[in-house]
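Q: structural data only, the sequence is not supplied:
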């Protein structure tokens, strides 16, 4: 595995610094502690530590969301030269701007999951009386989720070239000197489906705040099968998630829902509090107005194209999480525009959520019920069940209270994708949908401080930098990868 020798050594000696208040349990995930798992409580402690790693700004704490919104055309920047602007301008190379944290953080967590799975399976084989089913189901599900994210970041789209390189497929503990090469995209997806299928049968159906449950697993399956263009399976998985103990917010409830942790739409939500919050490195800080978090932030804001999309209805309730920021147009004239997203600060007044009034400590909603409705709408549409597609789409479209409902005569794939953009803005989806559907992406480069040199104003998935490079230090440490770099880097 790329960098496996280095990461394995780190894994065997690392005890994460952690917060005692994280779900009221101290996370433990060093190699020594994980190998000493004997009870269900031990497994839960290991899972707590794994969840802490997911919250990293290199992964679900920020960059996984920021990546898809900045590259998908929903976000723009006013000027270059501050944190993470190369996600928008595509300033990536093996030596710099590679976003290696996706790789290192992902495989660090995968190794911990492999260790946890190995220990639990050994205990089950030995006839333990402890009930490890839920912990094992979570571990398989998280591993499938991380591999899904990694193969999208580093591999060609599934529906473009399944035989292209994906990422190293490592599902067991390796020797410290192992040098794994890249599996194919198709092999990665087979592992992902296998892991999610194993996890599904082990997980409970009760809400499990801060962790994944059966319905979260089915929601991930809906995402994966949609990417694979298996619309029947994606629809079935989405409908299974919709049938769970969740409920869509009414239009007049939607804005306030962001001030609430573990609300009725939240299928999988990461717990953030005063101790483990990312503060100025958080999504909330990166998406809000500059005046609210200091001069180095207030950087990413809604593109004109997104605001035109949302502006189809000036009364759309989703304007309620948007706030003004100052921009400068090509004439040097300052302008106020409703371009800043406050989902991750709880509200435009930065109220936080119910767990904490610290605005930097809002939970991260990884999977929401509304996404499942929109996946179901697309699947029904592609299966030529337009009436059912309209039902699913209109359940979300009613948040644009002045727009006419979709009908069998008016519904289209673009209408569904646009609604998904409006509903899930800032939640990390647009780029994956545009690439999956082989759509062109146009960037809002009209501000005078933006001069991208690594991409054109309009790209599609033929542009090589729609996937990340393998970073140079990884190539240096794993000779198996020397001839497996992504094309164009």
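A: Right, received. Where do you want to start? Since the model is a prediction, treat every value here as computed from it, not as a measurement. Numbering: from 1, shown residues only.
Q: got any ranges where this protein has weak pLDDT?
A: Along the chain, the parts satisfying pLDDT under 70 run over 1-35, 176, 294-298, 328-335, 355-357.
Q: do you have the strands of it handy? List them.
A: Along the chain, the segments classed as strands by DSSP state E run 75-77, 266-270, 300-302, 322-328, 334-341, 364-368, 441-442, 458-459.
Q: make TSV out of these and add mean neighbour count and distance to residue 386.
A: C-betas here are computed from N, CA, C, even on glycine. TSV is the format used below for these (neighbours: other Cβ atoms under 10 Å; distance: least, Cβ to Cβ, whole Å):
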stretch	mean neighbour count	distance to residue 386
strand 75-77	25	32
strand 266-270	22	26
strand 300-302	27	30
strand 322-328	19	32
strand 334-341	17	32
strand 364-368	23	24
strand 441-442	18	27
strand 458-459	16	30
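Q: nearest to residue 228, out of the ones you listed?
A: Closest approach to residue 228 among these is made by strand 364-368 (18.0 Å; Cβ to Cβ).
Q: what pairs with that closest one, parallel or antiparallel?
A: Within its sheet, strand 364-368 is paired with strand 266-270 (antiparallel), according to DSSP bridges.
Q: and the partner strand, how far out from the chain middle?
A: With Cα atoms, centre = their mean, to the nearest Å as the basis, strand 266-270 stands 12 Å off its chain's centre.
Q: hmm, residue 140 and residue 199 touching each other?
A: Yes: with contact defined as Cβ atoms under 8 Å, residue 199 reaches residue 140; the gap is 3.6 Å.
Q: relative to residue 210, how far out is residue 379?
A: Going from residue 379 to residue 210 by Cβ to Cβ, to the nearest Å gives 29 Å.
Q: any idea how far residue 158 is from residue 373?
A: In this view, residue 158 and residue 373 are 23 Å apart by Cβ to Cβ.
Q: again with residue 241
A: 10 Å.
Q: and residue 418, by the same measure?
A: Counting by Cβ to Cβ, the gap from residue 418 to residue 373 is 15 Å.
Q: next: residue 66.
A: Here residue 66 is placed at a distance of 24 Å from residue 373 (Cβ to Cβ).
Q: show me the contacts for the closest residue to residue 147 other than its chain neighbours.
A: Of all residues not flanking residue 147 in the chain, residue 192 sits nearest, at 5.1 Å (Cβ to Cβ, 6 or more residues apart in numbering). Neighbouring residues of residue 192 by Cβ atoms under 8 Å, 6 or more residues apart in numbering: 144, 147, 148, 151, 224.
Q: of these, closest to residue 278?
A: Nearest to residue 278 among the contacts of residue 192, with distances taken as Cβ to Cβ, is residue 148, at 23.0 Å.
Q: so who does that closest one touch?
A: Residues in contact with residue 148 (Cβ under 8 Å, 6+ apart) are 192, 220, 223, 224, 227.
Q: neighbour count: residue 379 and residue 210, which is higher?
A: With neighbours defined as other Cβ atoms under 10 Å, residue 379 and residue 210 compare such that residue 379 has more, 28 against 17.
Q: so the more buried one touches residue 229, yeah?
A: No: Residue 379 is beyond contact range of residue 229, at 9.9 Å (criterion: Cβ under 8 Å).
Q: one step back: now the strands of the chain as TSV including distance to residue 435?
A: Formatted as TSV, the strands of the chain follow (distance: least, Cβ to Cβ, whole Å):
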stretch	distance to residue 435
strand 75-77	16
strand 266-270	23
strand 300-302	20
strand 322-328	26
strand 334-341	22
strand 364-368	20
strand 441-442	8
strand 458-459	10
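Q: which one of those lies closest to residue 246?
A: Closest to residue 246 of the strands of the chain is strand 266-270 (Cβ to Cβ; 6.2 Å).
Q: before we move on, the earlier item: for the contacts of residue 148, work out which two are farthest apart.
A: With Cβ to Cβ as the measure, no two of the contacts of residue 148 lie farther apart than 220 and 227, at 10.9 Å.
Q: of these two, who's got more company?
A: residue 220 (27 against 21).
Q: excluding chain neighbours, what is closest to the more buried one?
A: Residue nearest to residue 220 in three dimensions, not counting chain neighbours: residue 145, with 5.5 Å by Cβ to Cβ, 6+ apart.
Q: do the same with residue 63
A: residue 57 (6.2 Å).
Q: what about the helices in the stretch 251-400 of the chain?
A: Assigned by DSSP state H, counting those that start in this stretch, the helices in the stretch 251-400 of the chain fall at 283-287, 290-293, 304-310, 369-382, 386-397.
Q: what does the stretch 51-200 of the chain give?
A: Under DSSP H, counting those that start in this stretch, the stretch 51-200 of the chain gives helices at 63-71, 86-89, 101-125, 133-154, 185-200.
Q: which elements pack onto the third one?
A: Packing partners of helix 101-125 (3 or more Cβ pairs under 8 Å, 6 or more residues apart in numbering; DSSP states H and E): helix 4-13, helix 31-35, helix 40-54, helix 63-71, helix 133-154.
Q: relative to helix 133-154, how tilted is that helix?
A: Put simply, helix 101-125 runs at 150 degrees to helix 133-154, going by axes from the mean of the first three to the mean of the last three Cα atoms, to 10 degrees.
Q: buried residues, helix 101-125. List them.
A: Across helix 101-125, burial judged by 16 or more other Cβ atoms under 10 Å covers 101-120, 123.
Q: tilt between that helix and helix 185-200?
A: For helix 101-125 against helix 185-200, the angle by the same axes, to 10 degrees is 50 degrees.
Q: just the angle between helix 101-125 and helix 63-71, please?
A: 140 degrees.
Q: ok, now the fourth one?
A: Orientation check (the same axes, to 10 degrees): helix 133-154 against helix 63-71 gives 30 degrees.
Q: buried residues, helix 133-154. List them.
A: Neighbour counts over helix 133-154 (16+ other Cβ under 10 Å) mark 134-154 as buried.
Q: number of residues surrounding residue 212?
A: When neighbours are counted by other Cβ under 10 Å, residue 212 registers 27.
Q: try residue 411
A: Neighbourhood size, residue 411 [other Cβ under 10 Å]: 21.
Q: surely it touches residue 388?
A: No: between residue 411 and residue 388 there is no contact under Cβ under 8 Å: 10.5 Å.
Q: re the thing from before, with respect to residue 326, which of the helices of the stretch 251-400 of the chain lies nearest?
A: Nearest of the helices of the stretch 251-400 of the chain (Cβ to Cβ): helix 290-293, 7.5 Å.
Q: buried sites along the closest one?
A: Residues 290, 292, 293 are the ones in helix 290-293 that count as buried (16+ other Cβ under 10 Å).
Q: tell me the contacts of residue 425?
A: By Cβ under 8 Å, 6+ apart, the contact set of residue 425 is 69, 74, 302, 306, 310, 318, 341.
Q: adding distance to residue 457, write those residues out as JSON lines.
A: What follows is the contacts of residue 425, written out as JSON lines (distance: Cβ to Cβ, whole Å):
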{"residue": "69", "distance to residue 457": "18"}
{"residue": "74", "distance to residue 457": "16"}
{"residue": "302", "distance to residue 457": "17"}
{"residue": "306", "distance to residue 457": "16"}
{"residue": "310", "distance to residue 457": "21"}
{"residue": "318", "distance to residue 457": "27"}
{"residue": "341", "distance to residue 457": "23"}
